[in-house]
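# here is my input; please provide its structure:
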Amino acid sequence: MASHNSTMALTSMGADITETGEFRDLAFEYASLILKTYVNVALSFGGIVANVINFMVFYTMGVSDGITQNFLILSFFDGMVAATYMVNSISYTLFYSVFTAGDHISEILNNIFFATFIGQHYCLQVSYMTTTVTAVVRCCCVAMPLRVKRVMTVRRQLIIIALFSLNALIVNLIAALLGDTVPLIRPGDNLTQYSDFQDPMYLICDIMAHSLITVEYIIIVVCTIILIYSLYRSSKFREQSGSSSEAFEKRNANARETRVVQTILVITTVFIFCNIPYLTLTALRQLVPAVTATGHLWKLHTIILFVQEAGVLINANANCFGYFYFNTRYRNTLKNLFGKAVNVVKSDHI
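Residues are numbered from 1 along each chain as shown. Have a look, this model is predicted:
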């Protein structure tokens with residue numbers, strides 16, 4: 001009798017485990033579908049549109065100063081990030097929702113997914129470096145403005161970003177050409193076939209990229225704190241300044257500097273919050289070996305990865321609001337550009 005009860009208990013437990021496993025697979029599929037297919041594609045489209053507009057505005061404004069030049073570069077690469085994420089999301093959705101395992105088109109989609117993964121990684125690296133250079137230069141301007149303007153000229157800032165971009169391009173190309181493709185795993189796949197995925201080129205690229213981006217993140221956090229303190233001191237100065245013509249001129253100059261600092265603060269603050277999922281995933285991958293693309297907890301890794309992508313895309317979308325609110329030249333140029341476009345459309349209809 002005891003033996004019969006034990007058998008029934010084990011059978012019932014096994015059924016519960018099976019149902020739980022099926023529920024988790026279903027929950028994973030729906031979460032992946034919502035994040036990757038709908039949320040991230042919509043954010044990608046918004047990021048492309050926003051950064052095309054940003055690029056047009058900053059190009060029209062010209063690159064007479066380092067801030068405008070860096071914002072132009074940032075707009076281009078943020079737009080490329082959004083574009084590569086869109087292609088990546090579409091290939092992922094087609095791989096899992098339309099085509100079956102072993103299909104020739106599935107292999108092509110897997111290769112497209114990996115190529116856009118490398119591409120978005122490179123564009124992110126350039127975007128992060130551009131944000132870091134902008135924050136560091138403006139931070140140094142707070143302490144020694146005249147010296148920084150002489151040393152960190154527009155051309156030198158461009159050279160720094162260009163050299164880093166070239167280095168990142170070489171590393172990513174080597175990883176893409178000599179490394180193995182990261183496989184897309186379907187629910188129910190045997191993970192043991194991927195357990196030996198330790199391609200040296202991919203690992204080198206991965207370590208370099210994550211280490212550098214983590215350092216850049218820390219630098220941007222420090223610069224943001226310094227800029228917030230600078231903004232606080234600037235507001236105190238305006239309160240204590242007199243009403244003479246000299247004080248009025250200083251307040252005007254200070255107000256212009258304040259708007260620049262505010263614009264950069266919006267960009268760096270959004271950057272910090274939107275990249276928290278990225279740092280979380282990076283930490284988990286180092287501390288919990290199973291949380292990788294081919295590890296035992298690959299589903300958790302995938303969900304956090306999609307949340308990270310959403311954060312990156314929100315960042316790509318949000319910068320335009322900071323530009324519009326705090327940058328008078330951006331606002332006026334935007335109105336001129338699209339005011340002309342509206343007038344042309346109206347004249348065509350008359």
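
# which parts of the protein are strands?
Ranges of strands in the chain, per DSSP state E: none exist.

# so, low pLDDT: which residues of it?
Where the chain drops to pLDDT under 70, the residues are 1-25, 99-102, 145-146, 175-176, 178-206, 208-209, 235-255, 293-295, 340-350.

# in it, which spans are helices?
For the chain, applying DSSP state H gives helices covering 2-32, 40-61, 66-97, 104-143, 145-151, 154-178, 200-240, 245-274, 276-287, 298-326, 328-349.

# elements contacting the second one?
In terms of contacts (3 or more C-beta pairs under 8 Å, 6 or more residues apart in numbering; DSSP states H and E), helix 40-61 is packed against helix 66-97, helix 298-326, helix 328-349. Backbone N, C-alpha and C define where each C-beta goes, glycine included.

# quick one: closest of those helices to Ile226.
helix 66-97 (16.7 Å; C-beta to C-beta).

# tell me which residues of that closest one come out buried.
For helix 66-97, burial by neighbour count (16 or more other C-beta atoms under 10 Å) applies to 66-96.

# list the contacts of the residue sitting nearest the centre point of the chain.
In the chain, the centroid-proximal residue (C-alpha atoms, centre = their mean) is Val312; its distance is 3.0 Å. Contacts for Val312 (C-beta atoms under 8 Å, 6 or more residues apart in numbering) come out as 81, 85, 124, 274-275, 278.

# biggest separation within those residues, which pair?
Spatial extent of the contacts of Val312 (C-beta to C-beta) is set by the pair Tyr85 and Asn275 at 14.6 Å.

# picking that back up, could you identify which of the helices of the chain is most buried?
helix 66-97 (a mean of 22; mean count of other C-beta atoms under 10 Å).

# that one vs helix 298-326, what angle?
Interaxial angle of helix 66-97 relative to helix 298-326 (axes from the mean of the first three to the mean of the last three C-alpha atoms, to 10 degrees): 150 degrees.

# Gln157 versus Val63, what's the distance?
10 Å (C-beta to C-beta, to the nearest Å).

# now Ser75
Taken as C-beta to C-beta, the span from Ser75 to Gln157 is 16 Å.

# go on, Ala83?
25 Å.

# and stretch 132-152, end to end?
14 Å (C-alpha to C-alpha, to the nearest Å).

# contact partners of it?
66-67, 70-71, 74, 157, 160-161, 216, 219-220, 223-224, 226-227, 230, 260-261, 264, 267-268.

# swap the cut-off to 7 Å and go again
Residues outside stretch 132-152 that contact it (C-beta atoms under 7 Å, 6 or more residues apart in numbering) are 66-67, 70, 157, 160-161, 216, 219-220, 223, 226-227, 230, 260-261, 264, 268.

# correct me, but Val260 touches Thr68?
No. Using C-beta atoms under 7 Å, Val260 makes no contact with Thr68, being 10.4 Å away.

# show me the contacts for the residue nearest to Val221 when sequence neighbours are not counted.
Leaving aside its sequence neighbours, Val221 sits nearest to Ile272 (C-beta to C-beta, 6 or more residues apart in numbering; 6.0 Å). If a contact means C-beta under 7 Å, 6+ apart, then Ile272 has 220-221, 224 as its contacts.

# next, format these as a markdown table and append distance to Gly46.
As requested, the contacts of Ile272 are exported to a markdown table (distance: C-beta to C-beta, whole Å):
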| residue | distance to Gly46 |
| --- | --- |
| Ile220 | 23 |
| Val221 | 26 |
| Thr224 | 25 |
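
# from those residues, pick the one nearest Val49.
Set against Val49, the nearest of the contacts of Ile272 by C-beta to C-beta is Ile220 (25.6 Å).

# mind checking how far that closest one is from His104?
The gap separating Ile220 from His104 is 44 Å, by C-beta to C-beta.

# sweet, I'm off.
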